[in-house]
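# Compute the structure for the input listed below.
(one chain, ligands or ions: 1)
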Amino acid sequence: MSELTYKRILLKLSGEAFMGDSAGGIDGNTVLRLAEEVKQLCDIGVQVGLVIGGGNILRGSEVASDVMNRVTSDHMGMLATVINALAMQDSLESLGQDVRVMSALQINQVCESFKRRRAVRHFEKGRVVIFAAGTGNPFFTTDSAASLRGIEVEAELLIKATKVDGIYSDDPVKNPDATLYSRISFDEAIDQRLNVMDATALVLCRDHKLPLRVVNIFDKGAIKRLVMGDDIGTLVE
Ligand code: UDP
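Predicted coordinates for the structure are as follows:
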């Protein structure tokens with residue numbers, strides 16, 4: 001087997017990736033397909049951390065209103081990420097993959113609480129670790145949680161799986177002339193507001209030298225090829 005370019009990665013999936021063709025919620029077959037991609041990585045010896053968003057269920061900023069406090073709605077959003085994490089845990093286990101959910105909020109009956117040292121121990125034992133409940137704080141996103149956890153557990157690469165092939169000069173859905181970048185700096189991504197991740201997440205990665213790859217979630221096997229050294233999607237460094 002050829003050498004792995006990355007031995008420990010942090011993969012960020014948005015909640016929308018769990019919807020399949022539905023308008024929201026969780027599609028079991030879609031989660032299972034994603035779990036198969038993750039299992040493929042574990043089978044070749046990659047240590048995988050996952051951060052899953054909650055946008056398929058609820059985003060705090062969209063629910064907050066005159067009659068709904070933003071902190072409360074963000075707590076609801078964080079709980080949505082726990083629901084998704086449990087779905088992914090179940091699918092991975094059905095494939096025979098060891099996995100632990102670690103939550104930034106204490107919900108001891110359903111999952112472990114996040115502890116960095118314990119997370120690293122899980123990786124060393126070949127378990128997938130799903131980091132749930134974002135950062136545990138309102139007003140943040142799961143993109144920031146992915147950067148934060150990636151840095152904390154010393155992942156070598158943060159992968160953001162999206163609906164498109166990488167980072168474009170403009171929205172490729174609206175503008176057919178948009179060009180795909182193969183490489184870009186964090187400062188360019190931040191300055192040009194390229195809609196990759198929010199600025200907090202990008203600044204964290206930049207300041208702590210965690211490279212980021214943006215890849216297409218629908219490209220089967222792309223993440224496996226990436227960890228084995230292929231130049232896929234857009235590299236931000
Ligand atoms: N959230 C939060 N703090 C965090 C991470 C997430 O309050 O550290 C809440 C926030 O309301 C957010 C929701 O959880 O809208 C779901 O996360 P996100 O919107 O990042 O999910 P995605 O768009 O990736 O599916």
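
# near the ligand, which residues of the protein?
Residues of the chain found near the ligand (CB under 6 Å from any ligand atom) are 14-16, 53-55, 59-61, 74, 77-78, 80-81, 134-135, 137-138, 140-143, 145. Just so you know, the C-beta spots here come from the backbone N, C-alpha and C atoms, and that holds for glycine as well.

# same thing but at 8 Å, please
12-17, 52-63, 73-78, 80-81, 104, 133-145 (CB under 8 Å from any ligand atom).

# which of the residues you listed are buried?
12-15, 17, 52-60, 73-78, 80-81, 104, 133-136, 138, 140-145 (16 or more other CB atoms under 10 Å).

# Could you tell me which residues make contact with the closest residue to L92 other than its chain neighbours?
In this structure, L92 finds its nearest non-sequential neighbour in V99, 4.4 Å apart by CB to CB, 6 or more residues apart in numbering. Shown in contact with V99 (CB atoms under 8 Å, 6 or more residues apart in numbering): M88, Q89, L92, E93, R127, V128, V129, I130.

# helix/strand/coil for V101?
strand (DSSP: H, G, I helix; E, B strand; the rest coil).

# which residue sits closest to it, ignoring its sequence neighbours?
C111 (3.8 Å).

# again with N195
Of all residues beyond its chain neighbours, the one nearest N195 is D171 (7.5 Å), with distances taken as CB to CB, 6+ apart.

# Now the phi/psi pair for that neighbour, please.
phi -70, psi 110 (degrees, to the nearest 10).

# just V48 next, same as before
phi -120, psi 120.

# Was I right to think it contacts K12?
No: the criterion here is CB atoms under 8 Å, and V48 misses it with K12 at 11.7 Å.

# quick one: low-confidence parts of this structure?
Applying pLDDT under 70 to the chain flags the ranges 1-2.

# The longest helix along it to strand 99-103, inter-axis angle?
Secondary structure of the chain per DSSP state H: the longest helix is helix 70-94. Helix 70-94 runs at 170 degrees relative to strand 99-103, counting by axes from the mean of the first three to the mean of the last three CA atoms, to 10 degrees.

# how about the residue most central in space within the chain, secondary structure?
Taking CA atoms, centre = their mean, the centroid of the chain lies closest to K12, which sits 0.9 Å from it. K12 falls in the strand class when you classify it by three-state DSSP.

# Could you check what's spatially nearest to it, not counting adjacent residues?
A146 (3.9 Å).

# residues contacting the one you found?
L10, K12, V51, F131, L158, K160, M197, A201.

# Is it correct that it falls within a helix?
Yes: according to three-state DSSP, A146 belongs to a helix.

# Which stretches in the chain count as strands?
Secondary structure of the chain (DSSP state E): strands at 8-13, 47-52, 99-103, 112-113, 128-132, 157-162, 183-184, 212-216, 234-236.
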